[in-house]
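Fold the following and give me the result.
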Amino acid sequence: MRKTAAPTPPSFAALVQQFFTEYLVAQRAVSPQTVACYRDALTLFLDFASRKLGKAPTAMRLADIQPDLILAFLDHLEHSRHNSVRSRNLRLTALRAFLKFAGRRDVASLHDVERALAVPMKRFERPMLGFLTRAEMDAVLGQPGQNWSSQRDHLLLAMLYNTGARVSEIVGVRVVDVVLTGGACVHLHGKGRKLRSIPLWDITVAEVRAWLRLNPTLRGEAALLPNREGQAMSRSNVAQRLGLAVKRAAAEQPSLLKKRISPHTLRHTSAMHLLQSGVRFNVIALWLGHESTTTTHRYVEADLAMKQKALARLQPPDTKMGRYKPPDALMRFLQTL
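Predicted coordinates for the structure are as follows:
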């Protein structure tokens with residue numbers, strides 16, 4: 001009886017191509033930003049490995065990706081390219097995603113893949129979350145001016161604060177994504193193409209209505225907050241407009257000058273103010289689009305005011321605690337065992 005020949009495993013180059021075209025794009029349907037992040041990480045790694053191993057990337061094999069090579073690459077990122085630990089870990093995440101995919105396609109190399117996957121993430125101290133006080137946030141929002149840019153910027157900042165959205169989410173909002181009747185809300189397209197709906201405050205609804213009355217041509221698929229050319233604003237454009245608002249607000253709130261404020265700071269501010277208002281952090285996790293409440297719990301740790309309130313509820317160290325007495329005969333018996 002003739003034996004069936006084992007299928008030839010795909011080449012390393014084919015695995016890299018399949019990882020991007022079949023797995024990330026077709027199966028996972030990840031965002032273009034994620035594809036670009038993984039592409040950059042693999043490009044850096046292959047360039048480093050090629051020089052280290054003395055062979056072209058197309059000539060490499062999965063067996064070449066050993067823990068020592070990965071650790072040398074990570075060390076290169078930190079010390080030669082001066083990447084932060086967070087950036088180093090993001091590069092490793094991309095490499096591990098590829099290795100997991102490759103291990104399923106090339107079972108013969110599974111042992112090498114498992115050894116490479118054992119390289120751990122590097123622990124690091126997360127910086128304390130920066131957020132604005134309510135007075136600072138009110139000053140940044142200010143009042144809309146008379147010109148078109150001023151009114152758009154005011155709505156942009158109000159939407160960021162109301163929704164706690166990421167910059168990529170807020171610039172992607174179309175007119176059709178905003179519901180102003182009944183349960184007013186905005187539909188945000190978040191990470192991993194996940195859709196979530198965030199309720200809008202009455203004051204935000206009024207400002208959106210005023211903006212649409214001012215711009216009657218904005219409808220349907222058009223960007224709610226466009227630039228002068230009618231296209232969606234860029235990340236850098238949002239950061240620039242926020243910077244101008246902060247500079248103006250600093251005259252009223254000088255403490256703003258001591259803080260590094262980015263659009264993401266408004267996301268942190270929204271979360272902190274919800275938390276301080278008594279909203280449960282699992283609800284805030286849904287509000288922000290966090291996959292895990294562990295991420296949201298960072299806001300609890302950052303809120304010094306809440307820690308002080310919790311401390312005030314504790315008994316002082318010199319308070320004498322009464323000895324526990326079981327209330328039931330059976331319980332008293334168990335306590336004697």
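
contacts and neighbour counts: CA atoms only from here.
Fine.

Pull the number of nearby residues for residue 82.
12 (other CA atoms under 10 Å).

and the gap between it and residue 72?
Separation of residue 82 from residue 72 (CA to CA, to the nearest Å): 14 Å.

Next: residue 193.
34 Å.

try residue 199
48 Å.

I'd assumed residue 186 was in a strand, is it?
Yes: assessed with DSSP: H, G, I helix; E, B strand; the rest coil, residue 186 lies in a strand.

pretty sure it contacts residue 178?
Yes: with contacts counted by CA atoms under 8 Å, residue 186 reaches residue 178, the gap being 4.5 Å.

In terms of neighbours, single out the busier of residue 199 and residue 72.
residue 199 (18 against 13).

Report the contact partners of that one.
163, 183, 184, 185, 186 (CA atoms under 8 Å, 6 or more residues apart in numbering).

Which strand residues bridge it?
Bridge pairing for residue 199 (DSSP bridges) gives the partners residue 185.

Can you list the helices and strands that the helix or strand hosting residue 237 packs against?
For residue 237, the element it lies in under DSSP states H and E is helix 235-249. Using 3 or more CA pairs under 8 Å, 6 or more residues apart in numbering; DSSP states H and E, the elements in contact with helix 235-249 are helix 134-141, helix 148-163, helix 167-171, helix 263-276.

same thing but 6 Å
Identification of packing neighbours for helix 235-249 by 3 or more CA pairs under 6 Å, 6 or more residues apart in numbering; DSSP states H and E yields helix 134-141.

and the helix it packs on with helix 235-249, angle?
In terms of direction (axes from the mean of the first three to the mean of the last three CA atoms, to 10 degrees), helix 134-141 departs from helix 235-249 by 110 degrees.

Can you list the buried residues in helix 134-141?
136, 137, 139, 140, 141 (16 or more other CA atoms under 10 Å).

ok, now stretch 236-250?
238, 239, 241, 242, 243, 245, 246, 249, 250.

Just give me the neighbour total for the nearest residue to residue 9 once chain neighbours are set aside.
In this structure, residue 9 finds its nearest non-sequential neighbour in residue 106, 5.6 Å apart by CA to CA, 6 or more residues apart in numbering. Summarising burial for residue 106: neighbours were counted as other CA under 10 Å, giving 18.

Pipe the buried residues of stretch 236-250 into a markdown table and attach distance to residue 77 and pLDDT per row.
Listed next are the buried residues of stretch 236-250 as a markdown table, based on distance: CA to CA, whole Å; pLDDT from 0 to 100:
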| residue | distance to residue 77 | pLDDT |
| --- | --- | --- |
| 238 | 30 | 96 |
| 239 | 27 | 96 |
| 241 | 33 | 96 |
| 242 | 32 | 96 |
| 243 | 31 | 96 |
| 245 | 36 | 96 |
| 246 | 34 | 96 |
| 249 | 39 | 96 |
| 250 | 38 | 95 |
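
Farthest-apart pair in the residues you listed, please.
For the buried residues of stretch 236-250, the farthest-apart pair by CA to CA is 238 and 250; their separation is 18.3 Å.

the domain parsing of this structure - what is it?
Using automatic domain parsing, the domain parsing of the chain gives 12-117, 134-312.

Lowest average pLDDT across those?
If the domains of the chain are sorted by mean pLDDT, domain 134-312 sits at the bottom with a mean of 88.

starting at the chain centroid, how far to the helix or strand that contains residue 204?
Assigned by DSSP H and E, residue 204 belongs to helix 202-214. Relative to the centre of its chain, helix 202-214 is centred 28 Å away, using CA atoms, centre = their mean, to the nearest Å.
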